[in-house]
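In: Based on what follows, work out the 3D shape:
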Amino acid sequence: MKAPKQSRHGHLVSALAFVAGALSVCTAPAYAVLGGEPMSAPQGAATASTTAVARAAVASGASNASSAAATSASNYTVLTTTLASGTVINEYLSAQGVVFGIAWHGPRVPDLASLLGSYFPQYQQGLKAQRAARGGRGQVSVQDSGLVVESGGHMGSFAGSAYLPQSLPAGVSASDIQ
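Out: Numbers count the residues shown, from 1 in each chain. Okay, the predicted model is just below:
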């Protein structure tokens with residue numbers, strides 16, 4: 001039995017779907033994965049790192065430089081990556097090297113599936129519930145006991161953050177994730 005003949009259009013659609021799938025695998029962005037380790041920056045991105053000291057740790061009365069240095073080492077690190085698109089992503093890492101928060105701002109929304117990792121389905125579920133209650137547009141605010149995501153903006157200017165409330169280091173608050 002002979003297979004049915006496929007039209008030119010059918011071949012073109014199949015070929016384009018294959019190419020799009022191959023490109024998405026080859027050019028998949030590499031970001032932090034919430035709850036996991038930071039990933040290397042995608043090609044064309046610039047990265048910087050800073051060590052941050054949580055306010056509670058500073059207020060705990062570190063009186064000399066050596067105890068202040070020990071305190072800063074035990075808090076968190078912020079890795080800042082500027083993508084080729086101009087979007088800036090801040091990754092918040094615990095002393096153990098685990099990403100507990102991510103923030104972004106710039107002309108494009110980054111790939112949230114990559115940023116949120118295994119938390120992305122939880123985000124989608126919260127987003128779907130929010131859209132059903134309020135409609136399809138506007139600021140996104142998904143707040144669950146294990147995940148908080150805030151995102152919004154307009155064409156050319158987007159900002160947002162995501163964090164794991166249970167993973168925030170001592171002295172770090174949600175307002176520190178920016």
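In: can you give me the strands in this protein?
Out: Assigned by DSSP state E, the chain shows strands spanning 46-52, 76-82, 88-94, 99-106, 140-143, 148-154, 157-163.
In: Need these in TSV (columns: mean pLDDT).
Out: Below are the strands of the chain laid out as TSV (pLDDT from 0 to 100):
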stretch	mean pLDDT
strand 46-52	66
strand 76-82	90
strand 88-94	93
strand 99-106	96
strand 140-143	92
strand 148-154	94
strand 157-163	96
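In: for stretch 132-152, which positions count as buried?
Out: 140, 142, 147-151 (16 or more other CB atoms under 10 Å). Placement of C-beta: from N, CA and C, glycine included.
In: Between the two ends of that stretch, what distance do you get?
Out: Across stretch 132-152, the terminal residues are separated by 17 Å (CA to CA, to the nearest Å).
In: What of stretch 75-87?
Out: With CA to CA, one end of stretch 75-87 sits 26 Å from the other.
In: residue contacts, residue 146?
Out: By CB atoms under 8 Å, 6 or more residues apart in numbering, residue 146 lies in contact with 119, 122, 164-166.
In: So which of these wins on neighbours?
Out: Within those, most neighbours by other CB atoms under 10 Å means residue 119, with 21 neighbours.
In: Distance check, it against residue 86.
Out: Distance from residue 119 to residue 86, counting by CB to CB, to the nearest Å: 25 Å.
In: Ok, residue 80 next?
Out: From residue 80 across to residue 86, the span is 13 Å (CB to CB).
In: Name the residue in those two with the higher neighbour count.
Out: residue 80 (15 against 11).
In: For the more buried one, list each beta-bridge partner.
Out: residue 48, residue 90 (DSSP bridges).
In: Point out where the chain drops to low pLDDT.
Out: 1-32, 39-41, 43, 45-74 (pLDDT under 70).
In: one more time with 50, if that's ok
Out: For the chain, applying pLDDT under 50 flags the ranges 3, 6-30, 56-74.
In: if I pick residue 148, what's in contact with it?
Out: Residue 148 touches 142, 161-165, 174, counting by CB under 8 Å, 6+ apart.
In: got those residues as TSV, with distance to residue 114 columns?
Out: Below are the contacts of residue 148 laid out as TSV (distance: CB to CB, whole Å):
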residue	distance to residue 114
142	17
161	16
162	12
163	16
164	16
165	21
174	22
